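J.: Based on what follows, work out the 3D shape:
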Amino acid sequence: MNVLEKLSTPRSRGRKVFMVLFITWAAGLGFPFAEPKNIREAQGAEVKNPYEGNVEAVEEGRAIYTGYCAFCHGTGARGAKGPNLTDEFWKWGGTDEAIFQTIAHGRPGTQMGAFLTPEKLNEDKIWKVIAYLRSQATYGDWANRYPSKEKEQTATVSEWKPPAGITPDPKAGEALFKDPEGKAGCINCHTVNNQGGKVGPDLSHIGDRSPEYLLESIQNPSASIAPEYVPVQMVTKDGKRVIGIVKHEDDYSIQIRNAQDESTIFSKSDIQGKVPRNVSLMPTINLTDQELYNILAYLLTLK
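T.: As a prediction, this is how the structure comes out:
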């Protein structure tokens, strides 16, 4: 039987009918896997934001952004826990379509969740958020194409600068960061470009975060701990206390990585209790102001 004959069999026809019915039913319910209307209508053409040049849409987008996005991406989209969204460094693509897809469906394996849901945003609101982000852009001609009342009001606000008398040196910061026996020893716990420890977050693209957020993370590591790096204290039935990060857990076992980058697997039948801690495994390091801003300058180059 050739391919055409296979496609024409009753069984194949039944499958096709089922798929058509399923897709029609799902679309009728408004399932969030649908592509944006502009993509469906464009049929391969470049996707354009329908709100380009619309000042009112930009302002509506600002309000939506404040409610849904500012907690992670900061005031004015300049970055906080999440990346800076005003520069040209878009990890998942900086076209209108790519940004739409990131907001709509999130990015698996990251803290960026899906927002195209009945409880959160519809397509129209996502496009308005993107219009607002474009209005805050510090590159290209986006700011001219998406005029913003807020941009006009904040245009005179100066960019972040180090304290008077401090000239940050990223090269010195890199040396301090990467010296495993040095005062900071950051490389023992953090990875940069596939080199370093695994206890803390990978910092290969940490330069997307705001300087203020990075300073706080260095000076007060416990102020904001990413969910996947919240340490736990575990007590075994024989009285052993273990503090570390949960790297893997299933119905039968749990893997803990401690501050020395050592991993141990425990049987759950041997565990008496496990509680989260609000104190980061990252120690507070006694750095001079110059050393602190040298490391910060280096981190800001990692994009």
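J.: Going by C-alpha atoms from here, please, whenever you check contacts or count neighbours.
T.: Will do.
J.: What strands flank the longest strand along the chain, and is each parallel or antiparallel?
T.: Identified as the longest strand of the chain according to DSSP state E is strand 241-249. Partner strands and pairing direction for strand 241-249 (DSSP bridges) are strand 232-236 (antiparallel), strand 253-257 (antiparallel).
J.: Excluding sequence neighbours, find me the nearest residue to residue 144.
T.: On the basis of C-alpha to C-alpha, 6 or more residues apart in numbering, the spatially nearest residue to residue 144 that is not a chain neighbour turns out to be residue 135, at 7.5 Å.
J.: So that neighbour sits against residue 129, correct?
T.: No. Judged on C-alpha atoms under 8 Å, residue 135 makes no contact with residue 129 at a distance of 9.9 Å.
J.: Overlap in contacts, these two.
T.: Contact with both residue 135 and residue 129 is made by residues residue 58, according to C-alpha atoms under 8 Å, 6 or more residues apart in numbering.
J.: Spatially, what comes nearest to residue 115 if we skip its sequence neighbours?
T.: residue 104 (4.9 Å).
J.: Look up which helix or strand that neighbour falls in, please.
T.: Assigned by DSSP states H and E, residue 104 falls within helix 96-105.
J.: which strands and helices sit next to that helix?
T.: Packing partners of helix 96-105 (3 or more C-alpha pairs under 8 Å, 6 or more residues apart in numbering; DSSP states H and E): helix 123-135.
J.: if we can go back for a sec, look at the residue nearest to residue 144 and say how many residues are nearby.
T.: Using other C-alpha atoms under 10 Å, residue 135 has 29 other residues around it.
J.: One more: residue 193?
T.: In terms of burial, residue 193 registers 10 neighbours under the definition other C-alpha under 10 Å.
J.: do the one 4 residues further on as well
T.: Here the neighbour count serves as a burial measure; for residue 197 (other C-alpha under 10 Å) it reads 17.
J.: Please report how far it lies from residue 231.
T.: In this view, residue 197 and residue 231 are 16 Å apart by C-alpha to C-alpha, to the nearest Å.
J.: what are the ranges of the helices in the stretch 101-250 of the chain?
T.: Along the stretch 101-250 of the chain, the stretches classed as helices by DSSP state H, counting those that start in this stretch are 123-135, 142-145, 149-154, 170-178, 211-219.
J.: Tell me which of these is the most buried.
T.: Per residue and on average, the most neighbours among these fall to helix 123-135, with a mean of 25 (mean count of other C-alpha atoms under 10 Å).
J.: Which strands or helices does that helix pack on?
T.: Contacts defined by 3+ C-alpha pairs under 8 Å, 6+ apart place helix 123-135 against helix 55-68, helix 96-105, helix 142-145.
J.: So which of these is nearest residue 220?
T.: The closest of those to residue 220 is helix 55-68. By C-alpha to C-alpha, the value is 25.4 Å.
J.: where are the low-confidence patches of the stretch 51-200 of the chain?
T.: Scanning the stretch 51-200 of the chain for pLDDT under 70 picks out 149-160.
J.: any idea of the mean pLDDT for the longest strand of the chain?
T.: Across strand 241-249, pLDDT averages out at 91.
J.: CA atoms only: put that strand into CSV for me.
T.: The C-alpha coordinates for strand 241-249 follow below in CSV (Å, rounded to 0.1, in the frame of the first residue of the first chain):
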residue,chain,number,x,y,z
ARG,A,241,21.2,17.9,60.1
VAL,A,242,21.7,18.9,56.5
ILE,A,243,21.4,22.3,54.9
GLY,A,244,21.4,22.8,51.1
ILE,A,245,19.5,23.3,47.9
VAL,A,246,17.1,20.6,46.6
LYS,A,247,18.4,19.6,43.2
HIS,A,248,16.1,16.7,42.6
GLU,A,249,13.2,15.1,44.5
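J.: Show me how far that strand is from its chain's centre.
T.: A distance of 23 Å separates the centroid of the chain from that of strand 241-249, by C-alpha atoms, centre = their mean, to the nearest Å.
J.: before we move on, back to that, list the contacts of the residue nearest to residue 144.
T.: Listed by C-alpha under 8 Å, 6+ apart, the contact partners of residue 135 are 58, 142-148, 151.
J.: same thing but 10 Å
T.: For residue 135, the contact set (C-alpha atoms under 10 Å, 6 or more residues apart in numbering) comprises 52-53, 55, 58-59, 61-62, 76, 86, 129, 141-151.
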